[in-house]
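A.B. asks: Here is a sequence with its predicted model. Questions after.
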Amino acid sequence: MFKKILVANRGEIALRVICACKELSIRSVAIYSEADRNSLPVRFADEAICIGPPQLAQSYLNIPAVISAAEIANVDAIHPGYGLLSENANFAEVCETCNIKFIGPPPEVTRLMGEKEKARAAMRKAGVPILPGSEGVLGSEGEALEWAQTVGFPVIIKASAGGGGRGMRIVRSKQELPALFHAAQSEAAAAFGNGDLYMEKYVERPRHIEFQILADQSGTVASLGERECSIQRRHQKLLEESPSTQMTPELRQQIGQVVCKTLSEIGYANAGTVEFLMDEDRRLYFIEMNTRIQVEHPVTEMVTEVDLVKSQILIAAGETLENVLPGPILPRGHAIECRINAEHPEKFTPSAGKITTFNPPGGTGVRVDTAAYAEGTIPPYYDSLIAKLVVRGKDRAEAISRMTRALEMFIVEGVYTTIPLHRRILADPEFRAGRTDTTFIERFLARSGNDKEKVPA
Ligand code: ADP
């Protein structure tokens, strides 16, 4: 087993990994930028090393700085969390060269899944349903038009290296294709240093449904069921739940089986998420795979009682799934997660600054993953997620009432947050009835307006 792990991340996920290390009696090393000197990961890790100034490129994304810290601290492994270097195959390779175990899949698998049109092709070959779309990268605007006519409008142009909803454009007609093609291309090039695009059929009002899997190094793969993440703003998830109101035991089993078989064939190892869209006829289509722990992993942890981060560490150390999992996965009850972002409720822009009051809720079935605290500062340089509020109830109705009271008892002052927005979503009749597709927020905001009453004069 590993003796010491470096946590190559910050904020709530760094703290989450440190918790797992403590429970496994593994020493943890936090790395931090100058802006995170007073952060909780620094306080709770066994060791902490400053790796540079606040800017991401000079600290958390600076591979030589991260590797130097790992060598100075003499760690056996690096846990990358999510975002940052977690899906960077070059970083995984550098770790390997330095004899440090990267807690993630083999670099070639990360690379395959990171090129989304290649991942699509691999999934299709293995028998996983995908949406009709282009084969390979779109070479030109003319080729994009040909494919759009083959697939039929509306289509969606997506970035091969995509993430966070960037480089994506919905195209409804031939006339608007050229401008949207070029806009997607420059956005992708700016965001990912790679302007490659591909195309898929656009599904109207889909649900986003994803399967959580765990795979060991000997090719055994288990499905831990699905999460529904349809409540999104600008293609970014806001609220997630498990199970999905639209899932049937048969469909869950069928998709779980094909996903596990495919991942075993491609040599996947680690936790991972296979994302699908569900159309109005409840058919599922693969869209992408994330080869890391996800922000919304606690939803699955709440219903399955499997610790996914500890599982990642044990698998990376060579344990088999048989030893990692307690037995057959039998999800219980219903879990919901609300992402609490520090952002202005009307403008949706990040709200950095000092937190003056911080009262996270507690009680039965409530979990808060956060690295925020009263008198702590939210730096302006990073992601705006400051906490994840997760609840479990015996069924969806109980989870909704538990989340409603937990949101009411979650007091954050000094910065704006998405708490008021979540309170209104939870009270919405459409949400309560489970009518949740990816266009929900658009309709909801048109219906209910923004959070005007919550913005102080
Ligand atoms: P990213 O990696 O940028 O997050 P994804 O491929 O995961 O991109 O898609 C993010 C979201 O964009 C989906 O959850 C969905 O809301 C929307 N989306 C993606 N592909 C389609 C599609 N073919 N039809 C309709 N919506 C889509």
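C.D. replies: All right, it came through fine.

A.B. asks: care to break this structure down by domain?
C.D. replies: 4-103, 132-201, 207-448 (automatic domain parsing).

A.B. asks: okay, these in CSV with mean pLDDT, distance to the ligand and mean neighbour count next?
C.D. replies: (C-beta placed from N, C-alpha, C; glycine too.) Shown next, in CSV, are the domains of the chain (pLDDT from 0 to 100; distance: least, Cβ to the nearest ligand atom, whole Å; neighbours: other Cβ atoms under 10 Å):
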stretch, mean pLDDT, distance to the ligand, mean neighbour count
domain 4-103, 98, 10, 20
domain 132-201, 95, 4, 18
domain 207-448, 96, 4, 19
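
A.B. asks: Could you pull out the helices in the stretch 151-300 of the chain for me?
C.D. replies: 177-192, 249-265, 297-304 (DSSP state H, counting those that start in this stretch).

A.B. asks: Make JSON lines from the ones you listed and add distance to T97 to it.
C.D. replies: Shown next, in JSON lines, are the helices of the stretch 151-300 of the chain (distance: least, Cβ to Cβ, whole Å):
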{"stretch": "helix 177-192", "distance to T97": "24"}
{"stretch": "helix 249-265", "distance to T97": "26"}
{"stretch": "helix 297-304", "distance to T97": "29"}
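
A.B. asks: Give me the phi and psi angles of T245.
C.D. replies: Listed backbone geometry of T245 is phi -70, psi -20, with angles given as degrees, to the nearest 10.

A.B. asks: Quick one: residues contacting the residue nearest to it when sequence neighbours are not counted.
C.D. replies: Of all residues not flanking T245 in the chain, G434 sits nearest, at 3.7 Å (Cβ to Cβ, 6 or more residues apart in numbering). Counting by Cβ atoms under 8 Å, 6 or more residues apart in numbering, G434 touches 245-246, 396.

A.B. asks: Need the phi and psi values for G434.
C.D. replies: According to degrees, to the nearest 10, G434 has phi 80, psi 20.

A.B. asks: what does the one 4 residues further on give?
C.D. replies: The phi and psi torsions at T438 (degrees, to the nearest 10) take the values phi -70, psi -10.

A.B. asks: so it touches S230, yeah?
C.D. replies: Yes. Contact criterion Cβ atoms under 8 Å: T438 and S230 qualify, at 5.2 Å.

A.B. asks: Need the overlap of contacts for those two.
C.D. replies: Common neighbours of T438 and S230 (Cβ under 8 Å, 6+ apart) are 206-208.

A.B. asks: wait, isn't K101 in contact with C95?
C.D. replies: Yes. Here K101 reaches C95: they are 7.1 Å apart, a contact under Cβ under 8 Å.

A.B. asks: what sits in contact with each of these two?
C.D. replies: I78.
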